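Sequence and predicted structure, then a few things I'm wondering about:
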Amino acid sequence: MRTKISVLVGGTALVAASVAAGQSPRQVPIPDLGGAIGWLNSLPLSGKSLRGKVVLIDFWTYTCINSLRPLPYVKNWAAKYKDAGLVVIGVHTPEFSFEKERVNVEDAVRNLNVTYPVAIDSDYRIWRAFNNEYWPAQYLVDGRGRIRYHHFGEGEYDELEHVIQELLKENGAAGLDPSTVRIAASGVEAAPSGDVQSPETYIGYRLAERFSSPERLGQESQKTYSSPASPSLNQWGLSGSWNVGAESAVLQAAPGRIVFRFHSRDLHLVLAPAKDAKPVRFVVRLDGAAPGENVGVDTAPDGAKMAKIHWTPKQNEFFPDATVPGSLLNVDFMVKDSKRFADSGGCGWAVFDYNAASDTFRPGTTAGTPPQGNDAKCGFACHTKATTRDYVFTDYRKR
């Protein structure tokens with residue numbers, strides 16, 4: 001028996017066990033998958049229906065950066081080995097209570113372009129059936145329904161893919177490409193840099209550390225805070241009126257600020273509107289200035305969040321070959337960019353074209369209808385300019 005254990009020190013701990021074909025220190029049957037509260041991209045799957053297939057189970061959650069960075073590999077393997085008999089199943093098990101909401105998981109799966117089956121494990125029943133303790137975690141099941149490999153954390157992608165290949169060959173697959181995938185991802189799926197000095201930071205009081213506003217962090221009550229004058233590395237603070245809960249902090253009245261001194265290539269912040277789903281304007285600043293060339297994938301150079309609207313299209317009664325917005329699904333982002341929209345004071349109108357075939361949106365271009373120039377003035381009444389020089393998108397349900 002060939003066994004390998006590897007441990008990454010100084011980051012997220014990971015343990016990998018790889019085995020020679022036909023051998024494993026833990027060949028146990030795949031646990032029950034019936035505990036999911038629902039499935040996306042598939043009818044419910046079970047150990048019985050998966051018999052004869054090689055199965056990759058990936059435990060993840062959509063706000064965990066460690067869960068997101070392996071996704072480009074998992075998605076690539078799902079496509080590369082589908083015809084050879086590999087079935088990839090994402091098991092979404094929440095870390096926070098808002099991740100239990102089905103609509104939030106649906107949005108994440110769509111925005112991350114995850115097309116393989118996803119089990120919504122909001123009650124942790126599949127998690128407990130596997131005795132799992134980590135995000136992310138991968139389990140490989142052979143064609144006879146036995147777990148033959150498990151891996152916890154990020155990395156070791158070449159090794160994991162080699163095990164996939166071995167189990168597929170063992171299951172009768174032939175003509176496999178022996179090379180391993182090479183990924184150059186961006187945004188939240190980009191590989192970690194080698195110069196990260198800032199840890200995961202929580203604003204909810206249950207796991208909050210290094211809070212440095214002059215006021216004491218409150219719990220479940222409205223309180224006014226002031227920004228820390230000179231926070232040290234990895235310290236953070238609030239400004240304005242906030243209600244800090246166990247898992248999150250909610251701004252009670254504008255304006256408000258979150259201040260954080262960090263050292264890393266990227267900073268990922270989890271934000272969401274209130275329960276009424278009304279969009280919230282916000283701006284990102286780095287060292288007090290607009291991010292400019294250091295802009296993220298979903299913020300503009302001015303630091304304002306970019307706008308993306310999801311709606312259900314319906315046929316245009318005046319132009320049968322065209323669609324118009326039907327019921328609004330959600331408003332993800334808002335936009336402001338004084339460089340692109342210099343001729344209109346830093347704001348304008350934006351259009352996102354809906355592609356019914358792929359069920360996706362793409363920013364309108366000069367080739368779109370109606371044409372758009374550099375200032376993206378489309379003339380739709382549903383996109384209006386606000387005096388605050390931000391984009392405001394009206395709620396179609398109220399029109």
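Structure received. All values derive from a computational prediction rather than experimental measurement. Residues are numbered from 1 along each chain as shown.

Could you report the pLDDT at residue 81?
pLDDT, residue 81: 97.

from memory it sits against residue 168, does it?
Yes. Here residue 81 reaches residue 168: they are 6.3 Å apart, a contact under C-beta atoms under 8 Å. Every residue, glycine included, has its C-beta placed from N, CA and C.

Now for the two: what residues contact both?
By the contact definition C-beta atoms under 8 Å, 6 or more residues apart in numbering, residue 81 and residue 168 are jointly contacted by 54, 176.

so residue 242 is in which element?
Using DSSP states H and E, residue 242 sits within strand 236-244.

What of residue 90?
Following DSSP H and E, one finds residue 90 within strand 86-92.

Check the average confidence over that strand, would you?
The average pLDDT for strand 86-92 rounds to 98.

and it, which strands flank it?
Using DSSP bridges, strand 86-92 pairs in its sheet with strand 54-60 (parallel), strand 118-120 (parallel).

Buried residues, the helix or strand just after that strand. List them.
Remark: after strand 86-92, the chain's next helix or strand is helix 102-111, criterion DSSP H and E. Buried positions in helix 102-111, judged by neighbour count with 16 or more other C-beta atoms under 10 Å: 104, 105, 106, 107, 108, 109.

do stretch 63-82 as well
Buried residues in stretch 63-82, counting neighbours by 16+ other C-beta under 10 Å, are found at 63-78, 80-81.

cool, stretch 117-124 as well?
Quick answer for stretch 117-124 (16+ other C-beta under 10 Å): 117, 118, 119, 120, 121, 122.

pretty sure the second one contacts residue 93?
No. Using C-beta under 8 Å as the test, residue 118 is too far from residue 93 to be in contact (10.9 Å).

so residue 145 touches residue 49, yeah?
No. Counting by C-beta under 8 Å, residue 145 does not reach residue 49; the two are 10.6 Å apart.

Compare these two (neighbour count), which wins?
residue 145 (16 against 12; other C-beta atoms under 10 Å).

Which pLDDT value belongs to that one?
pLDDT, residue 145: 94.

Could you pull up the residues touching it?
Taking C-beta under 8 Å, 6+ apart, we find residue 145 in contact with 29, 30, 47, 50, 51.

Kindly confirm my reading that the last one forms part of a helix.
Right, residue 51. No. Counting by DSSP: H, G, I helix; E, B strand; the rest coil, residue 51 falls outside a helix, being coil.

Tell me how far it lies from residue 144.
8 Å (C-beta to C-beta, to the nearest Å).

Repeat that for the fourth one.
Distance, residue 50 to residue 144, using C-beta to C-beta: 11 Å.

the more surrounded of the two?
residue 50 (18 against 13).

Which of the strands paired with strand 86-92 sits closest to residue 259?
Of all those, strand 54-60 sits nearest to residue 259, with 30.0 Å by C-beta to C-beta.

Can I get that closest one as CSV, trimmed to CA atoms?
Presented in CSV, the C-alpha positions along strand 54-60 are these (Å, rounded to 0.1, in the frame of the first residue of the first chain):
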residue,chain,number,x,y,z
VAL,A,54,-16.3,7.7,-10.4
VAL,A,55,-17.6,10.5,-8.2
LEU,A,56,-15.8,13.6,-6.9
ILE,A,57,-17.6,15.2,-3.9
ASP,A,58,-16.5,18.8,-3.2
PHE,A,59,-17.6,20.3,0.1
TRP,A,60,-17.7,24.1,-0.2
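
what's the angle between that strand and helix 102-111?
Orientation check (axes from the mean of the first three to the mean of the last three C-alpha atoms, to 10 degrees): strand 54-60 against helix 102-111 gives 120 degrees.

What mean pLDDT does strand 54-60 get?
Here strand 54-60 scores 98 as its mean pLDDT.

Right, I'll call it a day here.
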